[in-house]
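[1] could you work out the structure for the sequence below:
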Amino acid sequence: MKVCRAAQGMLAGMPAPKDLHRIENGGRVVIAVGTTALFDYAADDAELRNLVAVTLPSLGFTARRVAEVLGITEVYVSMLRSRVRKDGSAALTRRRGRPPALGAADVAKAARWRAAGEIDAEIGRRLGVHATTVARALPHTSDAGAPENAQPVQDVLVLPSSTDAAEHDAAPVEEAPVEPEPAVATSPATSPATSPFTGSARITTGVARSRYAGAMLLYPYLHRVGAEAIFATLAGGPARRYDDMAVLSTATLGVALGIDTVEGAKHLRRGEAGAAVGLGMTPELATLRGRLGSLADDGEPLALQRAFATGMLAADPCDDPVYFVDDHFVAYSGAKPVAKGWNTKRRHAQPGRADTLVTDARGRAVVFASGEATGLVATLPGVLGQLREVIGPHAQVLLGFDRGGAYPSTFLACRAAGAHWLTYRRAPLVSVGTAPKRSWTVRDGRRVTVMLADETVGLAGYGPARQLSLFEAGVVVLQVLTSDTSATGASLLWWLRARWRIENVFKYASDHNGIDSLADYRMDIATDERAVKNPARALARGAVAAAETELAEAERALAQLPGGPGTVAEMNAALPSLQRRIATAATAAERAKVELTAVPAKILATVLDPEAKRARPRLARRGLQMVLRLLAFNAEAWLAEHFNAYLVDPNEYRAILRHLLHLGGQVDYSTKGIVVTLDRPDSPRVARALELLAEELNATPACLPGDRRQLAYRVAEAS
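    Just a heads-up that it's a prediction; the model follows:
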């Protein structure tokens, strides 16, 4: 039995095999080495226990030690390993239920008879079983009742030959050059129950059934924003079996279908998914991972991101020059020395990264940055620079963000980029210097009126800024700061309320498009050169506090002396000692303050620990995956917006559209075009809205990336 190299790499540097031990609690058994858990299974699960028994010796542990830990005999361990060498891992599982109707000898006879031309009914009569029993026993041989072109759901997974566990999961996989296989031409009369296409070449003609036909509704948006040109900015060397457009289209539609990571592609039916992207079959997992890795490593992430944002804004511009920016903390649970950040959900610091995202007024993701969790103050200048490169140096920008970025340094960064800013004032609220007045704006066809006090205030470290104080029942409930002096106060307040759109983007893209998923396990480990809090400073501040406490107690004792018990003579006798105590405490307090000023608040991490290391993720692959994820997110949002124009269901239209992406259908490829016939939804109103949406999409025909044939959509007639 071959052992995954990732498991062997995981054991590198771990304690000696003698530390192998077993922990049993609550009906669960954990097999661990040192503090690292290797296996976890139910105490009564004999199959998994047997799998552990044959795996551990392959990792270097003796059969005797394995038998002791698992509570079985050494002979039984040897017996299990012999079974696996002979029959594979299937030998570890006990066969349950009735024995098969046909034994191995009967199956061999049936195969010979079928090869001689006998039909399944005659073979079954000879063996005393039904014809369907013969068909199930011989699933991969041709017969009148079994299609010869039936394809397996997933090919055998070929693992990379890397000895590094990280590279095993993320490194490109080299494949031997394979000539593209021609697509199988199929007449329209061919039954589309299964995909008739094979190989990795583009489909020329034929009809196929695909359970992912609904996802092909996203192509009009991808065509509109120029996905082919966006994908063309990547070049990962010569393609082998699958061209780059097909690989990137597969990944984009996979994300739209709910695949969080590349590994999720193994759950797709490759033949049916291939029909949705114009291929005989989509790449298997190893090929897809390796090709995406090559494209990311050899490409330029910023150029790809600029092409994505530029194409989106040019194809469907937004009328309002309003953008929202925010940080999104993503926790990291691995063993690498990743820098810590503040997790706002759990209210404590932990290792992780921060994604900084910029969305437009319609809630579409425009640009993003990913890095250490340093806060919006540090990341804002970088994303503002990216935004300027996309929209131009002179375009109007009003940037809205929450209190997390309400600092003078953030305001200065916006001013340097030529952008107006809008945010809430940090607590506490300040007094208002002018009387409130009515301010109004029109939103969604209705007039909105509020009571605002509009004035100019001075901000330390920045200068004059506009302050809007919202009054409700005569009381100030919140204050807004901005550099925009031309817009009405009600309009600015309305836009700041709309900042929740970026929060919805983070939530939706995290739940359905996997933006929080770890894209690459590889990291660069370097010396930690950060300035961290100095523990000596905390000790010095504690000494100052203790000295001030002693001084206060001594002064309190002197003040309480006249009113205390005792005679005047006793009080006069105690007075000199109290005065000396006060003088000593005052001297100690002054000395502690002087010593505190000499202790720096922060020092280099290497001063505290000369071996301090810091892990920095490699962002090239994350950059590519984020573009594909956000492209799928924006495509779904655009499609949902157009779909809801006919459905008119503001509460559920996103969920309904997301389910329609999984709608099955028939795809008809011809030399002149591609016709997608979607299954009719059960709900009449959804079916009607889908029909109208199909008519709208057909009015401006789109194409698949890398394919010049125009797409046409229709909804199947009611049966």
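[2] tell me the secondary structure at G458.
    strand (DSSP: H, G, I helix; E, B strand; the rest coil).
[3] before we move on, which element is the closest residue to it other than its chain neighbours in?
    Excluding its sequence neighbours, the residue lying closest to G458 (CB to CB, 6 or more residues apart in numbering) is P464, at 5.7 Å. No exception for glycine: its C-beta is placed from N, CA and C like everyone else's. Using DSSP states H and E, P464 sits in strand 463-472.
[4] ok, and what's touching that strand?
    411, 425, 429-430, 432, 436, 450-459, 476-485, 489, 492-493 (CB atoms under 8 Å, 6 or more residues apart in numbering).
[5] in the helix or strand just after it, what's buried?
    Moving toward the C-terminus from strand 463-472, the next helix or strand (DSSP H and E) is strand 475-482. Buried residues in strand 475-482, counted by 16 or more other CB atoms under 10 Å: Q479, V480, L481, T482.
[6] repeat that for stretch 348-366.
    Here stretch 348-366 shows 351-366 as buried, counting by 16+ other CB under 10 Å.
[7] now it - C-alpha only, CSV.
    Provided in CSV are the C-alpha atoms of stretch 348-366 (Å, rounded to 0.1, in the frame of the first residue of the first chain):
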residue,chain,number,x,y,z
HIS,A,348,-9.5,38.6,20.3
ALA,A,349,-6.2,38.5,18.4
GLN,A,350,-5.2,35.4,16.4
PRO,A,351,-3.1,34.5,13.4
GLY,A,352,-4.7,35.4,10.1
ARG,A,353,-4.7,37.8,7.1
ALA,A,354,-6.9,40.7,6.0
ASP,A,355,-8.6,41.2,2.7
THR,A,356,-9.2,44.8,1.8
LEU,A,357,-12.1,45.1,-0.8
VAL,A,358,-13.4,48.1,-2.7
THR,A,359,-17.0,47.9,-4.1
ASP,A,360,-18.9,50.4,-6.1
ALA,A,361,-22.3,51.9,-5.3
ARG,A,362,-24.1,48.9,-6.7
GLY,A,363,-22.2,46.4,-4.5
ARG,A,364,-19.9,45.0,-7.2
ALA,A,365,-16.4,44.1,-6.2
VAL,A,366,-13.9,46.3,-8.0
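[8] mind checking the pLDDT average for that stretch?
    Per-residue pLDDT over stretch 348-366 has a mean of 89.
[9] sketch out the strands for the stretch 601-719 of the chain, chain order is fine.
    602-604, 613-617, 665-669, 673-678, 710-715 (DSSP state E, counting those that start in this stretch).
[10] for M523, phi and psi?
    M523 adopts backbone torsions of phi -140, psi 160, taken as degrees, to the nearest 10.
[11] how far is stretch 292-309 from where the chain is centred?
    Centre-to-centre, stretch 292-309 and its host chain are 17 Å apart (CA atoms, centre = their mean, to the nearest Å).
[12] would you mark the buried spots in it?
    Buried residues in stretch 292-309 (16+ other CB under 10 Å): 292-297, 299, 301, 304-309.
[13] which one of the residues you listed sits closest to A229?
    Nearest to A229, judged by CB to CB, of the buried residues of stretch 292-309 is A307 at 6.6 Å.
[14] which ones are touching the closest one?
    G226, A229, I230, T233.
[15] quick check: of the residues you listed, which has the highest neighbour count?
    Of all the contacts of A307, I230 has the most neighbours under the rule other CB atoms under 10 Å, reaching 25 neighbours.
[16] name the element the closest residue in space to it that isn't next to it in sequence belongs to?
    Residue nearest to I230 in three dimensions, not counting chain neighbours: A307, with 4.6 Å by CB to CB, 6+ apart. A307 belongs to helix 301-315 when assigned by DSSP H and E.
[17] ok, now C318?
    Of the helices and strands defined by DSSP H and E, none includes C318.
[18] ok, the one 10 residues further on next?
    Secondary-structure assignment from DSSP H and E places H328 in strand 322-331.
[19] can I get that strand as PDB, trimmed to CA atoms?
    Only the C-alpha atoms of strand 322-331 are listed here, as PDB (Å, rounded to 0.1, in the frame of the first residue of the first chain):
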ATOM      1  CA  VAL A 322     -19.300  56.300  -4.700                       C
ATOM      2  CA  TYR A 323     -17.100  53.500  -3.500                       C
ATOM      3  CA  PHE A 324     -16.900  51.600  -0.200                       C
ATOM      4  CA  VAL A 325     -13.800  50.100   1.300                       C
ATOM      5  CA  ASP A 326     -13.400  47.800   4.300                       C
ATOM      6  CA  ASP A 327     -11.100  45.100   5.800                       C
ATOM      7  CA  HIS A 328     -12.200  41.500   6.300                       C
ATOM      8  CA  PHE A 329     -10.200  39.400   8.700                       C
ATOM      9  CA  VAL A 330      -9.700  35.800   7.800                       C
ATOM     10  CA  ALA A 331      -8.400  33.500  10.600                       C
END
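[20] list the buried residues of that strand.
    So for strand 322-331, counting by 16+ other CB under 10 Å, buried means V322, Y323, F324, V325, D326, D327, H328, F329, V330.
[21] V676 contacts Y669, correct?
    No - look at V676 against Y669 with CB atoms under 8 Å: they stay out of range, at 10.1 Å.
[22] and the residue nearest to L257 when sequence neighbours are not counted, what's its pLDDT?
    Take L257 and drop its neighbours on the chain: the residue closest to it by CB to CB, 6+ apart is A215, 5.7 Å away. With respect to pLDDT, A215 has a value of 95.
[23] distance-wise, check A215 relative to A273.
    9 Å (CB to CB, to the nearest Å).
[24] joint contacts of those two?
    L253.
[25] ok so, going back, now the angle between strand 475-482 and the strand holding P464, please.
    150 degrees (axes from the mean of the first three to the mean of the last three CA atoms, to 10 degrees).
[26] buried sites along strand 463-472?
    For strand 463-472, by 16+ other CB under 10 Å, it's A465, R466, Q467, L468, S469, L470, F471.
[27] name every strand pairing with it and say which way it goes.
    Applying DSSP bridges, strand 463-472 is found paired with strand 446-459 (antiparallel), strand 475-482 (antiparallel).
[28] how many neighbours does G103 have?
    12.
[29] phi, psi of it?
    Per degrees, to the nearest 10, the backbone of G103 is at phi -80, psi -180.
[30] show me what contacts the closest residue to A498 other than its chain neighbours?
    Distances taken as CB to CB, 6+ apart place A361 nearest to A498, at 7.1 Å, with adjacent residues excluded. Neighbour list for A361: C318, D319, D320, V322, Y323, F324, W495, A498, R501 [criterion: CB under 8 Å, 6+ apart].
[31] any weak-confidence spans in the stretch 101-250 of the chain?
    Low-confidence segments of the stretch 101-250 of the chain (pLDDT under 70): 139-199, 236-240.
[32] the residue of the chain positioned farthest from its centre sits in which helix or strand?
    Distance to the chain centre peaks in the chain at A569, reaching 79.4 Å (criterion: CA atoms, centre = their mean). Assigned by DSSP H and E, A569 belongs to helix 568-597.
[33] check the offset of that helix from the chain's centre.
    Counting by CA atoms, centre = their mean, helix 568-597 comes out at 62 Å from the chain centroid.
[34] next: stretch 241-249.
    Using CA atoms, centre = their mean, the offset of stretch 241-249 from its chain centre is 22 Å.
[35] swap in stretch 645-654?
    26 Å.
[36] now that stretch: buried residues?
    So stretch 645-654, judged by 16+ other CB under 10 Å, has buried residues Y646, L647, Y653, R654.
[37] now, those residues that are in helices?
    Under the assignment DSSP state H, these contribute Y646, L647, Y653, R654 to helices.
[38] quick one: residues in contact with stretch 692-700.
    217, 220, 224, 639, 642-643, 646, 678, 711-715.
[39] of these, which pair is most distant in space?
    Maximum distance among those (CB to CB): 21.5 Å, for R224 and V715.
[40] more crowded one of those two?
    For R224 versus V715, neighbours defined as other CB under 10 Å are more numerous around V715 (21 against 17).
[41] returning to that earlier point: pLDDT of the strand holding P464, averaged?
    The average of the pLDDT scores along strand 463-472 is 94.
[42] swap in stretch 55-62?
    The model assigns stretch 55-62 a mean pLDDT of 85.
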